[in-house]
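[1] sequence first, predicted model second:
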Protein chains: 2
Amino acid sequence: MKNKISLKDIAEKVGVSVTLVSYVLNNKMEGRINKEVAQKIRDTAKKLNYRTNQIAKSLKTNKTNTIGLIVADISNPFYSALARIIEDEAEKFNYTVIFGSSDENLKKSEKLIDIFINRQVDGLIYAASENSESQLEDLIGQKIPFVLVDRYFPTVNCSYVALDNYSASYKAVEYIIQKGRRRIAMIGYKSALHHLRDRKRGYISALKKHKLETKSAWLKEVRREDEIQQVEKAMMELMAEKQPIDAILFGANRIATAGLKYISSLPVKVPDDLLIVSFDESESLDLFRSPIDYIKQPLRELGEESVRLLLQSIDKKTVITQVNLQAELVIKNK
Amino acid sequence: MKNKISLKDIAEKVGVSVTLVSYVLNNKMEGRINKEVAQKIRDTAKKLNYRTNQIAKSLKTNKTNTIGLIVADISNPFYSALARIIEDEAEKFNYTVIFGSSDENLKKSEKLIDIFINRQVDGLIYAASENSESQLEDLIGQKIPFVLVDRYFPTVNCSYVALDNYSASYKAVEYIIQKGRRRIAMIGYKSALHHLRDRKRGYISALKKHKLETKSAWLKEVRREDEIQQVEKAMMELMAEKQPIDAILFGANRIATAGLKYISSLPVKVPDDLLIVSFDESESLDLFRSPIDYIKQPLRELGEESVRLLLQSIDKKTVITQVNLQAELVIKNK
DNA sequence: CTGAAAGCGCTTACAG
DNA sequence: CTGAAAGCGCTTACAG
């Protein structure tokens, strides 16, 4: 199966050594090789439809030009958009991407990391899940180049590219306040993940800064597992208050989708009665009956920068760079 | 870098041959190996944190346990959902997936195929674009195992897993007719891709079968490149007719998203004035102001079956299987 | 300007 | 029950 043509075949056909064929096809020792011989080798390679066996090459060079990408779920639009950007960026540097979804599950990510390392990936781009700290320390110990994307762990000293979630959230809430709202709720994930906590911290800080009421009943935390029901429940509770909330911040794209879906079924006036701001873009925002303001993550920078940092760390594995990108608040309601 | 422990290191440590270590770690020759020695080898492997070098193994066995997945765009929800299913199914058989996006571009897919073959993937799952016929014949000629997914080419005799697009479309239109609609439009892609033509054929056949008017002005074809504007334009034209249409079939998920977005801005009553049926699920359907009926592709079967067929063809490369799955019409408007 | 040879880390007939 | 040896298809010092 596959293709049987090897350097040896070309060498025999042309009547030269394998060494020479290798040099020519890799454009090495350019100056010193007889032009005619070189051309003959190239021609023969083409005629025989030669293709390098990357596996053999990798074994020898100890370089696979492969990046392992681990996200929570490749079918989540946030991650698939990111994957596409990473793919394109990697391609520019002749890298190929293998991917896996961890489902925020430590065991699964452990397994993926194992598989990827066995396959000798040159490095990992990793959206690590809760409690990954020791796993990450392991990677560091093994000197596997990697960069975290989207997520970060204050106790782990490694490269990452993420959003400045605190500021993003803070700015969104300040915007809400400046629109005259005073009873501002937030729905976020119940999670120890630092970037998600930062979103909640930003929300609370902004309220405090402006001396607004912060009620624990207004900060709803939902589990990922049954987020649709949980968000629905949270919304119901929020709307049921005697004095209802007048604004809400959705802490992630899937929460927003679930929340908007629920609100669709209600007669609430948006944004008049309820001002909504969502983290992340998503199709659902466009289709909601009225425009929704949202916090736009710089996805392209997120993806490109993570590839850039990874390749850098593959080269000389000393540098640790931590990047916190600023979000853009996209305002649809003037 | 990476991990330096090889079979040789274990062999030396334990004082046996590399051969034996290989046998033990691969659970070969189970019966014939001294239990104690075997255990010692296993223990040492664990202690040294040994990891197989898959690259070396692949070179020797001529098997990488890797599938190359080529789709039009991994960030399209249809493909990312499919990718996730393929990932999970592949994982069951110890396969890893490397992916690439072709953007419906022959040059790009050519390049991806090249890269993947050089990397010795065991096979390809491929959503081929327009005019891929000769490329596919090439693959067949080179005996590269592959299965098409989503797409198919009548002139190319190869395995594929796809939707029965003709029937899906036909059934959807029959449903529309049975709901009393008579002026039924469709927006689809301008494309030579057979599965897309089948959708249009189904639409026309159903109309003819029921002796309904088929106006060429009602079958709009849009280009992928600027689909949002194109769909908008098509919708405007359809709505501008003196006698407006009373139903529309959107021929793909992105068309539906664009179409619904446009309709959101109009005072049209859906479904009373305009009954909408969409190909594929998408978030936008849920968020539209009224429920939208849609043609649901059996994504799971699509993904699982394509992996199954591919692995089968990797084993014994003779069988060609062509699968046309039935769509389900999901009716939200009773 | 060119080639013989070693070696990357495995697997697997073959021999004992 | 175990091991020496060949070989997968490359790259790359080294020698000439």
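    Yep, it's here.
[2] number of nearby residues for the closest residue to DNA strand C within the stretch 151-300 of chain A?
    Distances between the stretch 151-300 of chain A and DNA strand C by Cβ to the nearest atom of the strand are smallest at A:Cys158, namely 25.3 Å. From N, CA and C alone the C-beta is placed, and that goes for glycine too. A:Cys158 is flanked by 20 other residues according to other Cβ atoms under 10 Å in any protein chain shown.
[3] pLDDT-wise, which helix or strand of chain A ranks last?
    helix A:283-287 (a mean of 84; mean pLDDT, DSSP states H and E).
[4] next, the residue lying closest to A:Leu219 once chain neighbours are set aside: phi, psi?
    Spatial nearest neighbour of A:Leu219, excluding adjacent residues (Cβ to Cβ, 6 or more residues apart in numbering or on different chains): A:Met186 at 5.3 Å. Main-chain dihedrals, A:Met186, degrees, to the nearest 10: phi -140, psi 140.
[5] for A:Met186, give me the pLDDT.
    We have a pLDDT of 97 for A:Met186.
[6] what's the neighbour count on it?
    Counted with other Cβ under 10 Å, A:Met186 comes out at 30.
[7] ok, now how distant is A:Tyr23 from A:Asn65?
    20 Å (Cβ to Cβ, to the nearest Å).
[8] brain fart, A:Asn324
    A:Asn324 is 29 Å from A:Asn65, by Cβ to Cβ.
[9] got the domain ranges for chain A?
    For chain A, the structural domains run A:7-52, A:64-162+A:300-325, A:165-296, going by automatic domain parsing.
[10] TSV for these, including distance to DNA strand D?
    Listed next are the domains of chain A as TSV, based on distance: least, Cβ to the nearest atom of the strand, whole Å:
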stretch	distance to DNA strand D
domain A:7-52	3
domain A:64-162+A:300-325	12
domain A:165-296	40
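[11] B:Arg289: which of those domains is closest?
    Proximity to B:Arg289, assessed across the domains of chain A by Cβ to Cβ, is greatest for domain A:165-296 (5.4 Å).
[12] quick one: the helices in chain A?
    Along chain A, the stretches classed as helices by DSSP state H are A:7-14, A:18-25, A:35-47, A:54-61, A:77-92, A:106-118, A:133-141, A:165-178, A:194-209, A:227-240, A:253-264, A:283-287, A:299-315.
[13] which one of the ones you listed has the lowest average pLDDT?
    helix A:283-287 (a mean of 84).
[14] what's that helix packed up against?
    With contacts defined as 3 or more Cβ pairs under 8 Å, 6 or more residues apart in numbering or on different chains; DSSP states H and E, the packing partners of helix A:283-287 are helix A:253-264, helix B:253-264, helix B:283-287.
[15] mean neighbour count and distance to A:Arg197 added to these, as TSV?
    Formatted as TSV, the helices and strands packed on helix A:283-287 follow (neighbours: other Cβ atoms under 10 Å in any protein chain shown; distance: least, Cβ to Cβ, whole Å):
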stretch	mean neighbour count	distance to A:Arg197
helix A:253-264	23	15
helix B:253-264	23	33
helix B:283-287	22	27
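[16] can you lay out those helices as TSV showing distance to DNA strand C?
    Converted to TSV, these look like this (distance: least, Cβ to the nearest atom of the strand, whole Å):
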stretch	distance to DNA strand C
helix A:253-264	41
helix B:253-264	44
helix B:283-287	45
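[17] how about a markdown table for the ones you listed, with distance to A:Glu225 added?
    Formatted as a markdown table, these follow (distance: least, Cβ to Cβ, whole Å):
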| stretch | distance to A:Glu225 |
| --- | --- |
| helix A:253-264 | 12 |
| helix B:253-264 | 26 |
| helix B:283-287 | 20 |
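[18] right, so of those, which gets closest to A:Thr214?
    helix A:253-264 (19.4 Å).
[19] who does that closest one touch, helix- and strand-wise?
    strand A:184-189, helix A:227-240, strand A:247-250, strand A:275-279, helix A:283-287, helix B:283-287.
[20] adding distance to A:Ala217, write those out as JSON lines.
    What follows is the helices and strands packed on helix A:253-264, written out as JSON lines (distance: least, Cβ to Cβ, whole Å):
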{"stretch": "strand A:184-189", "distance to A:Ala217": "8"}
{"stretch": "helix A:227-240", "distance to A:Ala217": "7"}
{"stretch": "strand A:247-250", "distance to A:Ala217": "13"}
{"stretch": "strand A:275-279", "distance to A:Ala217": "18"}
{"stretch": "helix A:283-287", "distance to A:Ala217": "26"}
{"stretch": "helix B:283-287", "distance to A:Ala217": "27"}
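[21] and B:Leu260, which of the domains of chain A is closest to it?
    Here domain A:165-296 is closest among the domains of chain A (Cβ to Cβ), at 5.9 Å.
[22] any idea how far apart the tips of the closest one sit?
    11 Å (Cα to Cα, to the nearest Å).
[23] contacting residues for A:Lys47?
    Residues near A:Lys47 by Cβ atoms under 8 Å, 6 or more residues apart in numbering or on different chains: none.
[24] please report how far it lies from chain B.
    If you measure A:Lys47 against chain B using Cβ to the nearest Cβ, to the nearest Å, the figure is 15 Å.
[25] same deal with A:Ala240?
    In terms of Cβ to the nearest Cβ, A:Ala240 sits 23 Å off from chain B.
[26] also A:Val121?
    As judged by Cβ to the nearest Cβ, A:Val121 and chain B stand 9 Å apart.
[27] now A:Arg42
    In terms of Cβ to the nearest Cβ, A:Arg42 sits 17 Å off from chain B.
[28] which residues touch the nearest residue to that residue once chain neighbours are set aside?
    Closest residue to A:Arg42 apart from its sequence neighbours, by Cβ to Cβ, 6+ apart: A:Val24 at 6.5 Å. Taking Cβ under 8 Å, 6+ apart, we find A:Val24 in contact with A:Ile33, A:Val37, A:Ala38, A:Ile41, A:Arg42.
[29] one more pass at 10 Å, please.
    A:7, A:10, A:14, A:16, A:30, A:33-34, A:37-42, A:45 (Cβ atoms under 10 Å, 6 or more residues apart in numbering or on different chains).
[30] now those as JSON lines including neighbour count?
    Formatted as JSON lines, the contacts of A:Val24 follow (neighbours: other Cβ atoms under 10 Å in any protein chain shown):
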{"residue": "A:Leu7", "neighbour count": "21"}
{"residue": "A:Ile10", "neighbour count": "25"}
{"residue": "A:Val14", "neighbour count": "18"}
{"residue": "A:Val16", "neighbour count": "20"}
{"residue": "A:Glu30", "neighbour count": "9"}
{"residue": "A:Ile33", "neighbour count": "17"}
{"residue": "A:Asn34", "neighbour count": "12"}
{"residue": "A:Val37", "neighbour count": "15"}
{"residue": "A:Ala38", "neighbour count": "19"}
{"residue": "A:Gln39", "neighbour count": "12"}
{"residue": "A:Lys40", "neighbour count": "17"}
{"residue": "A:Ile41", "neighbour count": "25"}
{"residue": "A:Arg42", "neighbour count": "16"}
{"residue": "A:Ala45", "neighbour count": "21"}
